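> Below are the sequence and a predicted model for it; my questions follow.
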Amino acid sequence: MSEPTTQTLVMGAVAYAPKVVTIWEGFKAFFAQHGLSFDYVLYSNYERQVDAQFDGSIHLAWNSPLAWVRAHRIAASRGLDVQAIAMRDTDCDLRSVIVVKADSPLQQLADLRGKTLGVGAIDSPQATLIPLDHLRQAGLVGGRDFTVRRFDVLGGKHGDHIGGERDAAKALMAGEVDACCLIDGNHLAFGLDGTLPSGSTRVLARTGLYDHCNFTTSPGAPAELIARFTSLLLAMRWDDPQVRPLLELEGLREWRVGRTSGYELLARGVDDEQFYSADGRILPVDYRY
Amino acid sequence: MAASSPLTIDIEALGLDQGALLLLRRALARVPLGGELRVIGRAPEWDLHLAAWCRSVGHAVRFETTGSGAVASAVLTRNVQAEGRWRDAQHTGHAQLSPGQMPAAEASAGWGLAARGAQVEAGSPPFDFALRQRDELWAASAGELYRQAAAAQWDPETAVDWQAEFSLAPELEAAVVQVMTYLIENENAALLVPARYLGQIHPHYREVMQLLALQCADEARHVEVFTRRATLRGAEPGLSTAGSQASLQTLFGVPDFSIASFLLAVLGEGSFVNLLNFLHEHAPDPVTRQIARLAARDEARHVAFGMAHLEHRLAAQPEFRDSLRNAVEQRYDALANTTGLNEEVFDSLVVIASGSLTPAAVARGHQAVSRLQADMATGRRARLTRLGFANEEAERLAALHTRNFM
């Protein structure tokens, strides 16, 4: 792949849904209006996108938290530098929950022993890796102490697709699993849309707080273009009617300066579940993306 | 569920997925941007859901705990952009027009489908309504005509005595069937031509939109009752000629709503009122007389709207009269090589007015149809005069109108 020109900032994004094209076409036009030449490349999965960050194809990437962990590990192992420069307000301080039916005999985490837990996609931070880490911290290891049933939707998308969580929630209601894992916002959303009728479930446990996506720079990304990109991003206002549709599609009210303090739970889960090696190699043999 | 102070709300045991979000939104609306709201609750997971919801809509939140570590309350800081959606919202006039008041001269594409009078979020998607200039479609009496039309709707099933007893000679029944066949194809045009414009009208001009919708409904009923009368004695509809259809086809090629209203309503349906009154007077059976009377009343309203619209447009744009003149002349030229009213229809009208085929009766019938044609021309001339055409020109243009009546 040829080296992108330094005049145009090239960003990678994962096409987890058709709206991704609308979003980045909109941002491309917005940046062009403000004098920044910007283009984007779509990848079908985060693994290929992170690889591209290290072969010179893209200057930065809109990364899932798991993709950030991998990019950070690869960079560190090669003595390179990647940075999380910006994120959505909605990426900060998320929490996942382990949910049982309201009338379930399960009262505490230890009661999950010998039971079946529904999780999301194999690569979902919020519905798989972080909840499994939470259980491991409580002394319960998936596959040893309880059965893990994966609701694998769109591998390689790192859980961006809500389908896995919804399938797990439906399986809970159908009695196919004893508990399931969801992000906090989806527990509320499923209550509102009737997937999990209000009052039909009980939260068995809450994980700690963690962060979600960020814009990750590639090693050697052009600093001036990155700085211009970041300042334009942070100046976007939700009450600007030109910008608001883009922010609503991408699911945020405002962009924030990136932080990396919220990825510790995930990094620990990645190690414990042996998802990536310390140098960012992909470990699960059954991971399809 | 009472708020104990302006800045505190107790949602009690109501979950956020059970309606508490509504209470939160109402309470936050009373808090200044950047101000705080204290929330007390005790539903299971209310704090978990509150944190997730606040994150999704941009309100900061912090939780206060009791000595035992349980969440006692939450303090929300209202997002400073929480009302941003309504910044630069578009004003769209007033829902109800007072006497003499008019809607906007031009309706913004961005107002879209919003109710007239509503506040429309800036950045709403534009709708490509071709008719969004007031003068191109408005009529001062549109609202009043709509109310009249709504009050005058009738049910074909009950408004007509379909069981009325009558027996017609075969040639009279055949004449009625042929006239019904002709009426149906004309009503098809009278429905579809305005319908094509209806879909292009900006809803800001709701009175016109609503009136045209009822006009289409009127024509749908006419198609229904004329079809039902045509087939009442077991016959299929009769003959349809190329010339008659060519005349109607010219109405579909008109690129302007005002000109279409002029040709269809002022000249065409105006003539049709005469024809329907003729049928009401001469038809040999009570069913035909009833449906002719009902349809004539509807058509008179359509003519009234066409006239009112053209009066509005010509008051705003007197030079538009030239376009009307040209339209009549162009249509005349386009139809110069067609036969006009087909002889089957003409003869059927004579038979209907005659009542029988004796020479004396036919003489009476023929005279009646000639009088009908003269009445139509007189009516057209009078309407053209009312639209400001000089007497001589009104007479000339009235005579150029299609011989097919519509």
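Yep, it's here.

> Close to chain A: what parts of chain B are there?
B:15-18, B:44-45, B:48-49, B:51-53, B:55-58, B:79, B:81, B:83-85, B:87-88, B:121-123 (Cβ under 8 Å from any Cβ of the partner chain). Using the backbone N, CA and C atoms, a C-beta is placed for each residue, glycine as well.

> For PyMOL, write the selection for the buried entries among those.
Per 16 or more other Cβ atoms under 10 Å in any protein chain shown, the buried members of these correspond to this PyMOL selection:
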select buried, chain B and resi 15+16+17+18+44+45+48+49+51+52+53+55+56+57+58+79+81+84+85+121+122+123
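
> which residues of the stretch 1-150 of chain A fall in helices?
A:19-33, A:46-53, A:65-77, A:130-137 (DSSP state H, counting those that start in this stretch).

> Can you tell me which of the residues of chain B next to chain A end up in strands?
The strands, defined by DSSP state E, take in nothing from the residues of chain B next to chain A.

> which bits of chain A sit near chain B?
So far as Cβ under 8 Å from any Cβ goes, chain A lies against chain B at A:89-90, A:92-95, A:97, A:183-185, A:187-188, A:191-192, A:198-199, A:202-203, A:206, A:237-242, A:244-245, A:251, A:253-254.

> what's around A:Thr22, how many residues?
Neighbour count of A:Thr22, defined by other Cβ atoms under 10 Å in any protein chain shown: 14.

> Same check on A:Ser124?
A:Ser124: 31 neighbours (other Cβ under 10 Å).

> ditto for A:Tyr16
Other residues close to A:Tyr16 by other Cβ under 10 Å number 21.

> How about the contacts made by whichever residue of the stretch 1-150 of chain A sits closest to chain B?
The nearest approach of the stretch 1-150 of chain A to chain B comes at A:Thr90, 5.5 Å away (Cβ to the nearest Cβ). Contact analysis of A:Thr90 by Cβ atoms under 8 Å, 6 or more residues apart in numbering or on different chains lists A:His212, A:Gly251, A:Leu252, A:Arg253, B:Arg55, B:Ser56.

> between those residues, which is closest to A:Ala32?
A:Leu252 (20.9 Å; Cβ to Cβ).

> which non-adjacent residue is nearest the closest one?
A:Arg88 (3.6 Å; Cβ to Cβ, 6 or more residues apart in numbering or on different chains).

> so what pLDDT did that neighbour get?
Note for A:Arg88: predicted pLDDT of 97.

> quick one: it from B:His204, how far?
As judged by Cβ to Cβ, to the nearest Å, A:Arg88 and B:His204 stand 37 Å apart.

> of those two, who's got more company?
Neighbours around A:Arg88 and B:His204, counted as other Cβ under 10 Å, are more numerous at B:His204. The numbers are 24 against 20.

> pretty sure the more buried one contacts B:Ala107?
Yes: under the criterion of Cβ atoms under 8 Å, B:His204 makes contact with B:Ala107 at 3.6 Å.

> tell me, what's touching the two both at once?
Shared contacts of B:His204 and B:Ala107 (Cβ under 8 Å, 6+ apart): B:Arg132.

> what residue ranges in chain B are flagged as low confidence?
Scanning chain B with the threshold set as pLDDT under 70 gives B:1-6, B:339-340.

> max-length helix in it?
As assigned by DSSP state H, the longest helix anywhere in chain B is helix B:286-316.

> So what touches the helix or strand that comes right after that one?
Toward the C-terminus, helix B:286-316 is succeeded by helix B:320-334 as the next helix or strand (DSSP states H and E). With Cβ under 8 Å, 6+ apart as the test, helix B:320-334 has contacts from B:250, B:254, B:256, B:258-259, B:262-263, B:267, B:310, B:313-314, B:387-389, B:393, B:397, B:400-402.

> Please find the angle between the direction vectors of helix B:320-334 and helix B:286-316.
130 degrees (axes from the mean of the first three to the mean of the last three Cα atoms, to 10 degrees).

> Show me which positions of helix B:320-334 end up buried.
B:Phe320, B:Arg321, B:Leu324, B:Arg325, B:Ala327, B:Val328, B:Arg331, B:Tyr332.

> Identify the residue spatially nearest to B:Pro318, adjacent ones excluded.
Closest to B:Pro318 by Cβ to Cβ, 6+ apart is B:Gly388, at 7.6 Å.

> Look up how far chain A lies from the one you found.
45 Å (Cβ to the nearest Cβ, to the nearest Å).

> How about the contacts made by that residue?
Here B:Gly388 is in contact with B:Leu314, B:Pro318, B:Arg321 (criterion: Cβ under 8 Å, 6+ apart).

> Over to A:Ser77?
Here A:Ser77 is in contact with A:Ala278, A:Asp279, A:Gly280 (criterion: Cβ under 8 Å, 6+ apart).

> Need the pLDDT of the closest residue to the first one other than its chain neighbours.
It stands for A:Ala278. In space, and not counting its chain neighbours, A:Ala278 is closest to A:Arg73: 6.2 Å by Cβ to Cβ, 6+ apart. For A:Arg73, the pLDDT comes out at 98.

> A:Arg73 is in contact with A:Asp279, isn't it?
Yes: counting by Cβ under 8 Å, A:Arg73 does reach A:Asp279; the two are 6.0 Å apart.

> For those two, work out which one has more neighbours and name it.
Between A:Arg73 and A:Asp279, A:Arg73 has the larger neighbour count (other Cβ under 10 Å), namely 20 against 12.

> Run through the residues that contact the more buried one.
A:Tyr276, A:Ser277, A:Ala278, A:Asp279, A:Gly280.

> any idea which helix or strand carries the fourth one?
A:Asp279 is part of no helix or strand when elements are defined by DSSP H and E.

> For it, give me its contacts.
Counted by Cβ under 8 Å, 6+ apart, A:Asp279 has contacts A:Arg73, A:Ile74, A:Ala76, A:Ser77.

> per-residue confidence at the nearest residue in space to the second one that is not next to it in sequence?
Think A:Ile74. Spatial nearest neighbour of A:Ile74, excluding adjacent residues (Cβ to Cβ, 6+ apart): A:Gly280 at 3.7 Å. We have a pLDDT of 97 for A:Gly280.

> cool, and the one 5 residues further on?
If you check A:Val285, the pLDDT there is 92.

> what's the spacing between it and chain B?
35 Å.

> So that residue, which state does it fall into?
coil (DSSP: H, G, I helix; E, B strand; the rest coil).

> same check, this time on B:Leu145
helix.

> mind listing what it touches?
B:Ala139, B:Leu211, B:Arg301, B:Ala304, B:Phe305, B:Ala308.

> Distance check, the fifth one against B:Met376.
Going back to what we said before, that points to B:Phe305. 19 Å.

> who's in contact with the spatially most central residue of chain A?
Residue closest to the average C-alpha location in chain A (Cα atoms, centre = their mean): A:Ser64, at 3.8 Å. The neighbourhood of A:Ser64, defined by Cβ under 8 Å, 6+ apart, consists of A:Val14, A:Tyr46, A:Pro125, A:Lys157, A:His158, A:Gly159, A:Asp160, A:His212, A:Cys213.

> one step back: so which of the contacts of helix B:320-334 belong to helices?
Using DSSP H, these in helices are B:Thr250, B:Ser258, B:Ile259, B:Leu310, B:Arg313, B:Leu314, B:Glu393, B:Leu397, B:Leu400.
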